[in-house]
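Novice: A predicted structure for the sequence below; I have some questions about it.
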Amino acid sequence: MQTIPLVNPDVRKCSELLPVMADPNCLCEGPAYEMFRGLSNNENDKDWLLSHQIRYDITRIPGRIICGEWIKTKGHYHQHAPDSYAYTEIYEVLEGEALYLLQKQDLSDIILVRAHAGDLVLIPPGYGHVTINPSKETLLMANLVSSAFTSEYMPFEEMQGAAYYLFADGKISRNPRYPDTIPHLREVTCHGKSLPLPFPQQTLYSCIGDEKCLDFLNKPGSYIEEYKKLYLFT
Ligand SMILES: O=P(O)(O)OC[C@H]1O[C@](O)(CO)[C@@H](O)[C@@H]1O
């Protein structure tokens, strides 16, 4: 794949992360991470993505510790698609290392997926997600998502972040605003560079043009049984 020039990012400011940090009063200034949204390599791919209501984004998260925590995305849920299941999303680590914290909206399941360059990580319907860069190196990751989706930040802001905080000294602590009955954070096995069918089995950019491979993004309700099998193993 030709390298896509990364220009004109949406910048998430560090101050915007304060409402989701363990210590919301800590000092955090300047840019936190950059989001390059709606990318494509050429007009053909651009048209295909537009006509299939899909967006390809790249996010660059520097290696940084913020208020004692590894740098992380703000965190959001996805709203429901017309089939009444929440939109899904798929990530690919391009460079560096990532931890994806996924929490089901009813809090019945909270999981952590560790991923390295080339690995694919799918966000099943109904799971909010936060990406953490647990290293001093820059994390570069791509995602494909329905362009009809919007991010719902409020649930994370109201609870001051996800159910668990990951600190740079290795400590993981439950966010005290969540009930103490929530499940423990279970680390699940990453599927690597290929997910079980019908999900992508190749680098995300090369899925552009393959209708079948990306159908799950706009029709989450059609794959419920397949999502259930994804993160069974710890
Ligand atoms: O919106 P947040 O929580 O800051 O997370 C940013 C991520 O979400 C996306 O908007 C897609 O879910 C990506 O562009 C980006 O990686």
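Specialist: Yep, that arrived. For clarity, every value in this text was computed on a predicted model and none was experimentally measured.
Novice: doesn't S15 make contact with K74?
Specialist: No. Counting by CB atoms under 8 Å, S15 is not a contact partner of K74; they are 11.3 Å apart. Any C-beta I mention is one placed from the backbone N, CA and C, and that applies to glycine too.
Novice: Could you check which of the two has the larger neighbour count?
Specialist: K74 (19 against 12; other CB atoms under 10 Å).
Novice: Work out for me the element the nearest residue to T203 once chain neighbours are set aside sits within.
Specialist: If you skip the residues right next to it in sequence, T203 has E92 as its closest partner in space, 6.5 Å away by CB to CB, 6 or more residues apart in numbering. Assigned by DSSP states H and E, E92 belongs to strand 89-95.
Novice: ok, now L112?
Specialist: Per DSSP H and E: strand 110-116 holds L112.
Novice: Next secondary structure after the longest helix that the chain contains?
Specialist: Scanning the chain for the longest helix, with DSSP state H as the assignment, gives helix 43-51. Per DSSP H and E, the first helix or strand lying C-terminal to helix 43-51 is strand 54-61.
Novice: Now do the same for that following strand: mean pLDDT, whole number.
Specialist: On average, the pLDDT along strand 54-61 is 98.
Novice: That strand: partners in the sheet, and parallel or antiparallel?
Specialist: Here strand 54-61 has these sheet partners by DSSP bridges: strand 31-36 (antiparallel), strand 139-146 (antiparallel).
Novice: Tell me which of these is the most buried.
Specialist: Neighbour counts (mean count of other CB atoms under 10 Å) averaged over each of those peak at strand 139-146, with a mean of 22.
Novice: Let me know the angle separating it from strand 110-116.
Specialist: On the basis of axes from the mean of the first three to the mean of the last three CA atoms, to 10 degrees, strand 139-146 is oriented at 120 degrees to strand 110-116.
Novice: okay, the angle between strand 139-146 and strand 89-95?
Specialist: Using the same axes, to 10 degrees, strand 139-146 lies at 160 degrees relative to strand 89-95.
Novice: chain center to strand 139-146, what's the gap?
Specialist: 7 Å (CA atoms, centre = their mean, to the nearest Å).
Novice: That one: what's the following helix or strand?
Specialist: Next along from strand 139-146, by DSSP H and E: strand 151-152.
Novice: buried residues in whatever helix or strand comes next after that following strand?
Specialist: Downstream of strand 151-152, the next assigned helix or strand under DSSP H and E is helix 154-158. Within helix 154-158, the residues that count as buried by 16 or more other CB atoms under 10 Å are F156.
Novice: Helix 154-158 packs against which elements?
Specialist: strand 127-132 (3 or more CB pairs under 8 Å, 6 or more residues apart in numbering; DSSP states H and E).
Novice: what distance separates the strand it packs on from the middle of the whole chain?
Specialist: How far strand 127-132 lies from its chain's middle: 5 Å, per CA atoms, centre = their mean.
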